[in-house]
Structures are given as C-alpha cells and as structure tokens.
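S.K.: sharing a model that was predicted from the sequence below.
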Amino acid sequence: MFDTYLLFTRLRLRWYIRASGDLLARHWQWFLIAGLLVPNPPFVGLFYLPARGLEAVFSHEPRLLWQFVGILAVQLAAILWIMPQRQFYAGGGFMDYASALPLSKSLCLAVDLTLLFVANSLLIVPAFIATAHILAAQSPDRLFRVCALWLLLASACIVQMVALKRRPIALTGIALTDVALGSSLVLPDVLRLPLLTLALAGTIAGLLISRQAKRLSPIPQAFANFRPLSSATRTAGRYSPAFLIQCKAVAARPGLAVLRLSMPIILALAADRLIAMFIFDWRSLPVVILALAAISLLLSGIYRTLRDAHATMRAYLASLPTSSHYWPIRDTAFVVLLGVVPLCILLWPLVVHELSPWFVLLALATAYLALLVSQRFLLTFGGRNAVLYGFMLAAVWSGAALAALPR
C-alpha cells in the first residue's frame with residue numbers, strides 16, 4: 001500500500017513539476033515584476049504581506065463580521081491560487097490510465113493531499129511567518145490563535161479540493177468550520193475549545209464528503225437546458241458565430257476567465273473608491289491613468305487564451321474561405337469590448353464631477369483603447385518576452401499620459 005502511494009505520488013509530482021516548470025519558464029517576468037513592485041525589499045513583500053493578512057484575521061479586535069470576512073477572504077485567495085494550476089494538478093494523460101487501475105479512494109485522497117501540499121508550498125511560508133508573529137506577541141491566547149490559524153489553512157485546502165474536484169456538497173462541512181471558527185474568536189474563552197473542536201469536525205467532515213461525493217459536470221444539465229440561455233446561445237450563433245466561439249474559448253477555462261474578467265472590474269471600483277477618498281481633487285486623473293494601464297495588462301491575457309484556442313483548429317481554419325486577418329481583427333474587437341466596461345466605470349466620476357475637460361477624457365479613452373490594441377501586436381511578435389514588453393509598454397503609456405496632463 002505504501003509502495004503504491006510512493007509510486008503514484010512520484011508520477012503525479014513528476015508531471016506537476018514538469019508542467020508548472022515550463023509555465024514558470026515562459027512567464028518568469030511576472031514573478032520578477034511582482035517581487036520588484038510589491039512594497040518592502042525585493043520578494044520580501046510577497047511573503048510578508050500575506051503573513052500580515054493572516055495575522056490580522058486572528059489579531060484584530062473581536063468583531064464577528066470582520067472575522068467571517070477574513071476567513072472567507074483566505075479561502076477565496078486559496079481558490080484563486082490553485083485554479084490556475086488545475087491542469088498541472090490533474091496529472092495529464094497519465095490519469096486516464098490511472099483511473100482504470102484498482103486504486104482505493106483513500107490512496108487517491110492521500111496522493112491528492114500530498115500534491116496539494118506541494119502546490120501550496122509558497123503559501124505555507126507566510127503561514128509560518130504569521131505563526132511566529134502570533135507566538136512572539138506573548139498574548140495569553142496565542143496558542144489558541146495558532147491552532148485556529150492552521151485549522152483555517154486546513155479548511156482552505158479542502159475548499160481548494162472542492163473547487164478542483166467540483167464537489168460542492170463538501171462545502172457543507174466547510175460552512176460549519178467557518179461558523180464555528182469565526183464564533184470562537186469573538187465569544188468568551190470558555191466556549192473556545194468546544195467551538196474549535198466543532199470547527200475541526202467540520203473540516204474532517206468536508207474532507208470525507210469530498211472523497212465520497214460524486215463529481216459534478218462544469219455546467220449542470222438543468223442550467224444547460226435553461227431556456228433563456230439556450231435562446232441566447234442560438235441567437236449569438238446565428239448572428240455572430242465568431243463572438244460565440246470567442247465566449248466559449250474563454251469559458252473553457254472558467255477559473256482563469258473569472259480571474260481575468262473580474263480583476264479589471266475590481267481594480268476600476270477600487271480606483272473609484274480611492275478617487276472618492278481624495279475628494280475628487282487633482283489626484284483623480286493620475287489614479288485613472290495608472291488603473292487603465294494595469295487593466296490593459298490584465299486584459300491582454302485574453303489574447304493569449306483566444307490564440308491558444310485558434311491554434312487547436314489551425315488546420316481546419318486554413319480550409320475556410322476567410323482571410324488571414326479574420327480572427328486577429330475579431331479578437332482585438334472582443335478584448336476592446338471587454339475593456340470598455342472598466343473604462344466607463346473609471347470615467348464616470350470624472351464626468352459627473354467635471355474634473356477634466358471633455359476633450360481630455362476623450363483623448364484618454366482613445367489612448368487606452370489604442371493601448372489594448374497594441375498589446376495584441378506585442379503578443380503576436382514579442383515571443384517569449386511578450387509579457388515583459390507589455391509591461392514596458394503600459395509603463396511608457398502611463399508615463400506619457402501623466403506627462404501630458406494639463407498643469
């Protein structure tokens with residue numbers, strides 16, 4: 001049994017390390033940029049800031065709402081961390097062969113947890129840093145808070161497995177863990193140990209349910225047969241088949257699609273909030289410019305998703321009576337259409353409060369759309385350094401826009 005576990009784990013790890021290593025070799029620029037831009041010395045902030053966030057969940061003054069928000073934020077961050085790695089975690093074509101072997105559910109679960117530990121290795125370092133900070137605080141309940149921290153991390157791992165395996169029924173046990181864990185941090189000390197035990201039971205229940213539950217399809221059948229959705233799909237396929245193909249290509253990777261489509265909206269809303277905190281003064285326009293530059297980098301990843309989808313059908317597309325510019329033009333228009341949404345969110349407070357002349361806002365919007373179009377050319381001709389070139393272009397664009405502002 002143990003020999004089978006070691007062999008299965010070694011094969012899964014070999015695929016994970018090879019696939020993730022290839023991705024890291026292609027996109028090492030993002031990690032370098034993040035390490036240089038995050039506050040504190042290079043790469044220190046990548047571990048220090050998450051550790052401070054974990055510590056804040058268990059060190060803040062007792063407020064029930066704050067505790068629940070912090071717990072859910074940690075679990076959401078865990079999902080966002082693991083979903084881009086789901087293809088590496090899945091094991092590749094080898095799993096088609098392994099599924100035909102008489103492997104027990106307990107063995108598969110043990111291998112999955114081992115691989116999940118490896119995938120979260122960079123997140124475990126901030127957890128140890130947060131643990132050291134909590135223990136160094138000399139608080140009378142520091143041991144309880146350390147246990148609560150690691151129990152939260154265990155529940156976050158179960159949530160990751162639920163997201164990867166698509167077994168949402170296991171969230172019932174995790175919901176019990178969240179309620180018990182959040183309550184234990186704000187209720188009297190005499191109730192802490194029973195609530196912590198209840199949270200541990202919820203985590204174990206979520207793990208067991210995740211092992212036994214059936215896997216759900218990405219799109220439930222009842223939702224697939226939803227009449228308005230089916231009607232909208234038929235209409236899009238009739239009048240704009242290219243748009244329908246693009247939407248399906250983006251939706252084929254749901255985790256990455258949600259991240260790439262939600263982050264520009266979140267960034268635009270955060271910039272609007274910052275503008276309101278500045279009381280709509282002269283700093284509002286520079287904030288909008290920097291936000292637009294960051295949004296262009298986030299949306300540029302959709303070009304890569306569409307390009308990879310078209311590459312799988314290159315032989316078939318070459319046989320169609322279409323020009324070579326058919327998909328590049330439509331892909332560019334698709335990303336520009338997506339970029340209009342955060343642009344409207346950012347320009348709305350500037351228009352309402354009349355913070356800038358209309359021709360300046362029109363020029364800014366035009367320059368932003370031109371930046372989105374330029375990101376596609378960098379992806380096409382930039383090769384392996386396309387991400388780095390895109391970052392440099394966004395930095396130059398934002399610098400030129402800031403320099404062009406009326407004084």
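M.R.: Looks like it came in fine. Numbering: from 1, shown residues only.
S.K.: where do the helices of the stretch 151-300 of the chain begin and end?
M.R.: For the stretch 151-300 of the chain, applying DSSP state H, counting those that start in this stretch gives helices covering 171-184, 192-212, 221-224, 227-239, 241-251, 254-277, 284-311.
S.K.: can you list the neighbours in contact with the fifth one?
M.R.: Contacting residues not belonging to helix 241-251 are listed as 233, 236-237, 257, 261, 302, 305-306, 309-310, 326-327, 330-331, 334 [CB atoms under 8 Å, 6 or more residues apart in numbering]. (C-beta placed from N, C-alpha, C; glycine too.)
S.K.: only whichever of these are buried, select them in PyMOL.
M.R.: Of these, the buried ones go into a single PyMOL selection, burial set by 16 or more other CB atoms under 10 Å:
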select buried, resi 236+257+302+305+306+309+310+327+330+331+334
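S.K.: returning to that earlier point: any chance of the helices of the stretch 151-300 of the chain in a markdown table, plus mean pLDDT and distance to residue 373?
M.R.: Conversion of the helices of the stretch 151-300 of the chain to a markdown table gives the following (pLDDT from 0 to 100; distance: least, CB to CB, whole Å):
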| stretch | mean pLDDT | distance to residue 373 |
| --- | --- | --- |
| helix 171-184 | 82 | 42 |
| helix 192-212 | 81 | 45 |
| helix 221-224 | 45 | 35 |
| helix 227-239 | 57 | 24 |
| helix 241-251 | 81 | 16 |
| helix 254-277 | 85 | 16 |
| helix 284-311 | 87 | 10 |
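S.K.: in CSV, list those along with distance to residue 366.
M.R.: Formatted as CSV, those follow (distance: least, CB to CB, whole Å):
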stretch, distance to residue 366
helix 171-184, 46
helix 192-212, 50
helix 221-224, 39
helix 227-239, 28
helix 241-251, 24
helix 254-277, 18
helix 284-311, 12
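S.K.: out of those, flag the one nearest residue 158.
M.R.: Across the helices of the stretch 151-300 of the chain, residue 158 has its closest neighbour in helix 192-212 (4.5 Å, CB to CB).
S.K.: by how many degrees do the closest one and helix 171-184 diverge?
M.R.: Interaxial angle, helix 192-212 versus helix 171-184 (axes from the mean of the first three to the mean of the last three CA atoms, to 10 degrees): 170 degrees.
S.K.: what lies in contact with helix 192-212?
M.R.: With CB under 8 Å, 6+ apart as the test, helix 192-212 has contacts from 105-106, 109, 141, 144, 147-148, 151, 154-155, 158, 161-162, 165, 167, 169-178, 180-181, 183-184, 187.
S.K.: again, only using 6 Å
M.R.: 105, 109, 144, 151, 154-155, 158, 161-162, 167, 169-170, 173-174, 176-177, 180-181, 183-184 (CB atoms under 6 Å, 6 or more residues apart in numbering).
S.K.: if we can go back for a sec, tell me the two of the contacts of helix 241-251 that are most distant?
M.R.: Largest separation among the contacts of helix 241-251 by CB to CB: 261 and 326, giving 24.0 Å.
S.K.: about what we covered before: please identify which of the helices of the stretch 151-300 of the chain is closest to residue 387.
M.R.: Closest to residue 387 of the helices of the stretch 151-300 of the chain is helix 284-311 (CB to CB; 8.3 Å).
S.K.: which parts of that closest one are buried?
M.R.: In helix 284-311, counting by 16+ other CB under 10 Å, buried: 284-285, 287-307, 309-310.
S.K.: how far away from the center of its chain is that helix?
M.R.: Helix 284-311 has its C-alpha centroid displaced from the chain centroid by 15 Å (CA atoms, centre = their mean, to the nearest Å).
S.K.: so what does it touch, helix or strand wise?
M.R.: Here helix 284-311 touches helix 241-251, helix 254-277, helix 326-352, helix 358-381, helix 386-403, going by 3 or more CB pairs under 6 Å, 6 or more residues apart in numbering; DSSP states H and E.
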